[in-house]
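**Q** Build the 3D model from these lines:
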Amino acid sequence: MSTTIEHAERVQVKLYGEGAKLSEEALVPVWHRWISERRVEDDTLIDVADYGHVKDGPGIALIGHGADFFYDEGEGRPGLLIFRKRAFEGDLRARLEDAFARVLRAKSWLEAEPGLGARFGSDEVLVRILDRLHAPNDDATFEALAPIVREVAEKALGHAVEVSRAGTPKGPLSARVRRAAEA
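**A** As a prediction, the model looks like this:
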């Protein structure tokens with residue numbers, strides 16, 4: 001691993017929704033309740049923001065000090081996205097492990113919410129590194145990132161995965177994780 005990418009701090013992990021799109025009106029009070037319940041014990045949840053008016057945008061955001069949760073509508077594909085942004089020690093592998101754990105925990109919480117109808121899959125996951133200084137979007141950095149993402153994703157998801165480049169050259173370094181075809 002290059003000495004640069006291991007210092008990348010800002011990571012996102014997105015699970016794609018399955019079934020009908022969630023109701024923004026139903027999700028907002030759920031996330032406000034998470035704030036009042038202090039649902040995320042190791043972070044301070046601050047506010048809920050509705051960006052539903054932005055086409056293919058961030059959707060509904062639950063803003064925290066160290067991490068934000070989004071019902072993200074990017075790529076025209078709704079899903080649950082965690083943005084691990086600060087208040088975390090460790091290298092990139094540790095940050096990715098943390099982001100995967102948080103998104104999977106939030107997935108189980110949302111899917112257990114009565115009447116919400118939330119369903120998120122794990123056969124396809126989007127991973128982004130939003131740190132152009134330590135993780136420029138180039139071939140060499142992706143080659144350093146791919147094995148880390150594969151190892152972390154396989155451990156978190158419990159199945160073999162394939163990792164490919166995602167996004168655009170002007171966007172952040174991104175990887176698409178898909179369940180590996182069975183041999």
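
**Q** What is the burial count for the closest residue to residue 136 other than its chain neighbours?
**A** In this structure, residue 136 finds its nearest non-sequential neighbour in residue 173, 7.0 Å apart by C-beta to C-beta, 6 or more residues apart in numbering. All C-beta spots, glycine's among them, are computed from the backbone N, C-alpha and C. Per other C-beta atoms under 10 Å, the neighbour tally for residue 173 reads 25.

**Q** ok, residue 173 touching residue 135?
**A** Yes - assessed by C-beta atoms under 8 Å, residue 173 is found in contact with residue 135 at 4.7 Å.

**Q** joint contacts of those two?
**A** The contact sets of residue 173 and residue 135 overlap at 129, 141, 145 (C-beta atoms under 8 Å, 6 or more residues apart in numbering).

**Q** Quick check: of those, which has the highest neighbour count?
**A** Most surrounded of these: other C-beta under 10 Å gives residue 129, at 26 neighbours.

**Q** Just grab the bridge partners of that residue for me.
**A** residue 11, residue 173 (DSSP bridges).

**Q** surely it meets residue 173?
**A** Yes - counting by C-beta under 8 Å, residue 129 does reach residue 173; the two are 4.5 Å apart.

**Q** Tell me the residues that contact both of these two, please.
**A** Joint contacts of residue 129 and residue 173 (C-beta under 8 Å, 6+ apart) are 135, 145.

**Q** sorry, back to before: okay, the residue nearest to residue 136: pLDDT?
**A** The score at residue 173 is 97. That number is its pLDDT.

**Q** cool, and residue 10?
**A** 94.

**Q** now swap in residue 64 and tell me
**A** 95.

**Q** Show me the shaky parts of the chain.
**A** Scanning the chain for pLDDT under 70 picks out the ranges 1-3, 87, 183.

**Q** can you map out the strands along it?
**A** For the chain, the strands defined by DSSP state E cover 11-17, 45-51, 59-64, 67-72, 79-84, 120-129, 161-166, 173-179.
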